[in-house]
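S.K.: next come a sequence and a model predicted from it.
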Amino acid sequence: MKILLLNQTFYPDVAATAQHLTELAIELRKRGHQVSVLTSRRAYDSPDKLYAP
């Protein structure tokens, strides 16, 4: 199954929702699903910091 996850944050951000979504994505992949994530590049607690695309 193809799954699209949308969230403001994702790994390597340390916000709680980033951690939970990352764990969910990993578990879904382990179960054989195709997972895509759409998220912001900005760090949750430091908007000036940008993560690599």
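M.R.: Here it is on my side, so go on.
S.K.: what's the spacing between Gly32 and Gln8?
M.R.: 27 Å (C-beta to C-beta, to the nearest Å). In short, each C-beta sits where N, CA and C put it, glycine included.
S.K.: quick check: Leu5 touching Leu24?
M.R.: Yes: if you go by C-beta atoms under 8 Å, Leu5 and Leu24 touch, sitting 7.0 Å apart.
S.K.: Gly32 and Gln8: which has the busier surroundings?
M.R.: Gln8 (13 against 7; other C-beta atoms under 10 Å).
S.K.: count the neighbours of Leu50 for me.
M.R.: 11.
S.K.: thinking it is in contact with Arg41, fair?
M.R.: Yes: using C-beta under 8 Å, Leu50 is in contact with Arg41, at 4.9 Å.
S.K.: what is in contact with the two at once?
M.R.: Taking C-beta atoms under 8 Å, 6 or more residues apart in numbering as the contact rule, Leu50 and Arg41 touch no residue in common.
S.K.: helices of this structure, residue ranges please.
M.R.: Counting by DSSP state H, the chain has helices at residues 16-30.
S.K.: residue contacts, the residue most central in space within it?
M.R.: Nearest to the mean C-alpha position of the chain, by C-alpha atoms, centre = their mean, lies Phe10 at 2.8 Å. Phe10 is in contact with Ala18, Leu21, Thr22, Ala25, Val37, Thr39, counting by C-beta under 8 Å, 6+ apart.
S.K.: quick check, nearest of the residues you listed to Ser46?
M.R.: Set against Ser46, the nearest of the contacts of Phe10 by C-beta to C-beta is Ala18 (13.0 Å).
S.K.: so how far is Leu38 from the closest residue in space to that closest one that isn't next to it in sequence?
M.R.: Among residues not flanking Ala18 along the chain, Thr9 sits closest, at 3.7 Å (C-beta to C-beta, 6 or more residues apart in numbering). Distance, Thr9 to Leu38, by C-beta to C-beta: 12 Å.
S.K.: who's more crowded, these two?
M.R.: The residue with more neighbours, out of Thr9 and Leu38, is Thr9; 22 against 9, by other C-beta under 10 Å.
S.K.: ok, that one - contacts?
M.R.: Per C-beta under 8 Å, 6+ apart, neighbours of Thr9: Ala15, Thr17, Ala18, Leu21, Thr39, Ser40, Ala43, Tyr44.
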